[in-house]
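In: Just to be clear, the model below is a prediction. Sequence and coordinates:
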Amino acid sequence: MMKKSTCLFILALILNAQYISAFSFYHNFYNFFNRIKPTYKFTYFDIKFRGEFIRFILSYAGANFEDNRIKPEDWPALKPNTPFGQLPVLEIKRGSQVTEIAQSQAIARYLAAEFNLDGRNKLENGLIDMYGAQLGDLFNAYGSAINNNQTESFFNQIWPQNFQFFEDRMAFNKNGFLVGKRLSWADIYLSQMTDFLGDRKEDMLNRFPLIRALDQRVRSMPMIDNWIQTRPITDL
């Protein structure tokens, strides 16, 4: 007759084998699911404004994305179906799973992690987020200047002050990027912001040679250059 201890040992082996089998099945299924290449639907108005640097990021990565541009008359019906009643919104579809992310900088950070446009460590990510937040403040000031008919004073004072900050930080980093040794989403954001300079761009960037070099580097990347050449023409 088999000893009790032997029976328990065999039972443990059977249960452990079943556990390992179940774990392996889950692990393999999880890996298969995550190998499915996601598709993206980027929803924003038919303008650059808060959405264009996201389009730059998606284009840089060669991502399969739908550029869903909303007309003003269609916005009231769509608004209640967005996470916070505002745009932009990025829809990520992977298999049957669909997830929406709102807020432009949250979208940028997610895509940066997906496409190696983030930092190599927590400190670099903190610095990249810092620059992204400062660019967001500059953009908010730009929007306020437009609304209050103060664009001349804005471009003469606030914009140069901010660009001097970025120029100095790039000089400190010494390699043509804002942070570390590779391109980040903050670099792309800074480059795209120069779209809003319009006819002032050449004169402004002549005063900030490091930003000018970064802008040229970003815009010469094949996928971003293709996006710039083929994107819809808008005033803002």
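Out: Yes, it's here.
In: contacts and neighbour counts: CA atoms only from here.
Out: Fine.
In: which one is the spatially most central residue of the chain nearest to, not counting chain neighbours?
Out: Against the mean C-alpha coordinate of the chain, by CA atoms, centre = their mean, the closest residue is A108 at 1.9 Å. Of all residues beyond its chain neighbours, the one nearest A108 is I54 (6.3 Å), with distances taken as CA to CA, 6 or more residues apart in numbering.
In: which ones are touching that neighbour?
Out: S104, I107, A108 (CA atoms under 8 Å, 6 or more residues apart in numbering).
In: now the residue nearest to the centre of the chain, what's its secondary structure?
Out: Under DSSP: H, G, I helix; E, B strand; the rest coil, A108 falls in the helix class.
In: hang on, isn't it packed against W185?
Out: Yes - using CA atoms under 8 Å, A108 is in contact with W185, at 6.7 Å.
In: Mutual contacts of the two, please.
Out: By CA under 8 Å, 6+ apart, the residues touching both A108 and W185 are I57.
In: Please pull up the helix or strand immediately following the lowest-mean-pLDDT helix or strand in the chain.
Out: Ranked by mean pLDDT, DSSP states H and E, the weakest helix or strand in the chain is helix 4-35, scoring a mean of 51. Note on helix 4-35: by DSSP states H and E, the next helix or strand toward the C-terminus is strand 39-45.
In: what angle sits between the helix or strand following that next one and strand 39-45?
Out: Sequence-wise, the next helix or strand downstream of strand 39-45 (DSSP H and E) is helix 52-60. If you take axes from the mean of the first three to the mean of the last three CA atoms, to 10 degrees, helix 52-60 sits at 160 degrees to strand 39-45.
In: what's the closest non-adjacent residue to F42?
Out: Spatial nearest neighbour of F42, chain neighbours left out: L90 (4.6 Å); criterion: CA to CA, 6+ apart.
In: Residues in a beta bridge with that neighbour, which ones?
Out: Beta-bridge partners of L90, counted by DSSP bridges, are F42, I101.
In: how close does it sit to N125?
Out: Distance, L90 to N125, by CA to CA, to the nearest Å: 21 Å.
In: More neighbours: which of the two?
Out: Neighbours were counted for L90 and for N125 using other CA atoms under 10 Å; L90 has more, 26 against 18.
In: isn't that one right next to T39, touching?
Out: No - between L90 and T39 there is no contact under CA under 8 Å: 10.3 Å.
In: can you list residues touching both of those two?
Out: Joint contacts of L90 and T39 (CA under 8 Å, 6+ apart) do not exist.
In: As JSON lines, the contacts of I54 with pLDDT and distance to F196 would be great.
Out: Putting those into JSON lines (pLDDT from 0 to 100; distance: CA to CA, whole Å) gives the following:
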{"residue": "S104", "pLDDT": "97", "distance to F196": "17"}
{"residue": "I107", "pLDDT": "98", "distance to F196": "21"}
{"residue": "A108", "pLDDT": "98", "distance to F196": "19"}
